[in-house]
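> heads up, no residue letters with this:
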């Protein structure tokens, strides 16, 4: 079972794996409703309790649609600006 029951839900590697599988299935079928149904069933198969399926579903979908594939990364810190050059 890949479910952590310390009140945290699915482990991040499990979410990443499911998001990757979701993307692959979507690109193969282009049928979001069918892939959403697959994900809900997969979450149940992974041992997620019925009352938490939608919560975990949203966590996976957040990673699916994250710009760089990760929903939990912080944006890079802005580089400090260079001081203005002085004329001679």
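In hand now; what should we look at? Computed from a predicted model, the values in this text were never measured in an experiment. Numbers count the residues shown, from 1 in each chain.

> In three-state terms, label residue 48 for me.
coil (DSSP: H, G, I helix; E, B strand; the rest coil).

> And for residue 67?
Residue 67 - assigned by three-state DSSP - is coil.

> remind me, longest helix of the chain?
helix 12-29 (DSSP state H).

> Toward the C-terminus, what is the element adjacent to it?
Downstream of helix 12-29, the next assigned helix or strand under DSSP states H and E is helix 32-45.

> and the next element down the chain from that following helix?
Beyond helix 32-45 on the C-terminal side, the first helix or strand identified by DSSP H and E is helix 53-64.

> residues of the longest helix of the chain that come out buried?
Buried residues in helix 12-29, counted by 16 or more other CB atoms under 10 Å: 14, 15, 16, 17, 18, 19, 21, 22, 25, 26. (Each C-beta comes from the backbone N, C-alpha and C, glycine too.)

> tell me the angle that helix makes with helix 32-45.
150 degrees (axes from the mean of the first three to the mean of the last three CA atoms, to 10 degrees).

> what's helix 12-29 packed up against?
The contact analysis (3 or more CB pairs under 8 Å, 6 or more residues apart in numbering; DSSP states H and E) places helix 12-29 against helix 32-45, helix 53-64.

> what's near enough to touch the nearest residue to residue 18 once chain neighbours are set aside?
Nearest residue to residue 18, sequence neighbours excluded (CB to CB, 6 or more residues apart in numbering): residue 60, at 4.8 Å. By CB atoms under 8 Å, 6 or more residues apart in numbering, the residues touching residue 60 are 10, 15, 18, 19, 22, 39, 43.

> switch the cut-off to 10 Å
10, 14-22, 39-40, 42-43, 71 (CB atoms under 10 Å, 6 or more residues apart in numbering).

> Tabulate the helices and strands packed on helix 12-29 (CSV), appending mean pLDDT.
CSV is the format used below for the helices and strands packed on helix 12-29 (pLDDT from 0 to 100):
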stretch, mean pLDDT
helix 32-45, 97
helix 53-64, 96
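
> which of those is buried the deepest?
Most buried of the helices and strands packed on helix 12-29, by mean neighbour count (mean count of other CB atoms under 10 Å): helix 53-64, with a mean of 17.
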